[in-house]
Structure formats: structure tokens, C-alpha cells
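Student: the following block contains a protein sequence and its predicted model.
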Amino acid sequence: MGRIAPPPLDLARLVRGLMELDYDAIEAFRAAVARLGEDADRRQLAQLMDDHHRHVTDLAPHLYVLGEEAPRPGGLRPGLPQGQVAGGGRLDDKRILAALKTNEDDTVTAYERVAGHPDATAELRDVLERNLADERRHRAWLVERMEAM
């Protein structure tokens, strides 16, 4: 007898989780921009941070339609990789970028999971796919930059 697939997780909860990941990324990128030594890297991370700001702005109305209020930025959640970026101690640029990449890995996985949710409207799927493309581009830049170091 075959296994029955579990029901999909609540879409509103998943979208809220994406927004929280984007807020965490904003804080991590802000911390990284303040700590990196290379001006070009700081400028690039500032642009990637702008993408995360756009993500939360674009997701908020969809979350509202799903019956929930958007989360507010609340600083770093304990135990997340971006805490390594903001924490005390001296990290070299490559370790800072590695911490950001870990966060982007998690964010890509989360967006992939939510983008295929059966309850997502076409409009929400478009936003999710655009944000996912951004996240993949962020991760690729981080990998490329770390390999060049």
C-alpha cells in the first residue's frame, strides 16, 4: 500500500517565513557591508540587500490577502548563520561571505519549496519565482567571489 503524501503546509505561514528570512538577510548584509574590507564587495552586497528589501515589499500584499499581517524587521534571530557576520570577533572577508552564502542556501531552499505550493496564485508564483531567481543570483555571486579570494 502506497504512502499518502502529507498535506501542504499553510501557504500564509510559508510566505511569512520567507519574509522573515529576507529580513534576517537584510540584517546580515547590513552587518557584512560594515565589516568587509573591499569597497567593490560592499557595493555589491548593498545591491543584493536592496533585492531583499524588494522581496519583503513584494510579498507583503500577498500575505495580507492570505489573511496575515506581514512580519516586522526584528534583528537577528539567535543561531542563524548571519549571526556570525554581526557577532563580535574579527572575521576575514571570505568567512563573512561564507556566512552569507549559508543564509542564501537556506533562502533558496525555502523559496523553491514555496514556489511550488499548490495554493499559490499565479501572481504570487510570479513574485516567488522572481525572488528565487534573485536568491540564486546572490548565491552564485557569493560562490564566485569566494573562489576568487
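Tutor: Looks like it arrived, so ask away.
Student: residues near residue 50, how many?
Tutor: 13 (other CB atoms under 10 Å). C-betas here are computed from N, CA, C, even on glycine.
Student: do the same with residue 18
Tutor: By other CB under 10 Å, the residues close to residue 18 number 26.
Student: do residue 54 as well
Tutor: Neighbour tally, residue 54, other CB under 10 Å: 15.
Student: pLDDT wise, what is residue 67 at?
Tutor: At residue 67, the model reports a pLDDT of 89.
Student: list phi and psi for it.
Tutor: With angles defined as degrees, to the nearest 10, residue 67 sits at phi 90, psi 20.
Student: can you tell me how far the closest residue to it other than its chain neighbours is from residue 37?
Tutor: Leaving aside its sequence neighbours, residue 67 sits nearest to residue 12 (CB to CB, 6 or more residues apart in numbering; 6.2 Å). Plainly put, residue 12 is 41 Å away from residue 37 if you go by CB to CB, to the nearest Å.
Student: neighbour-wise, which of those two wins?
Tutor: Using other CB under 10 Å, the more surrounded residue of residue 12 and residue 37 is residue 12, with 16 against 9.
Student: I appreciate the help and will end here.
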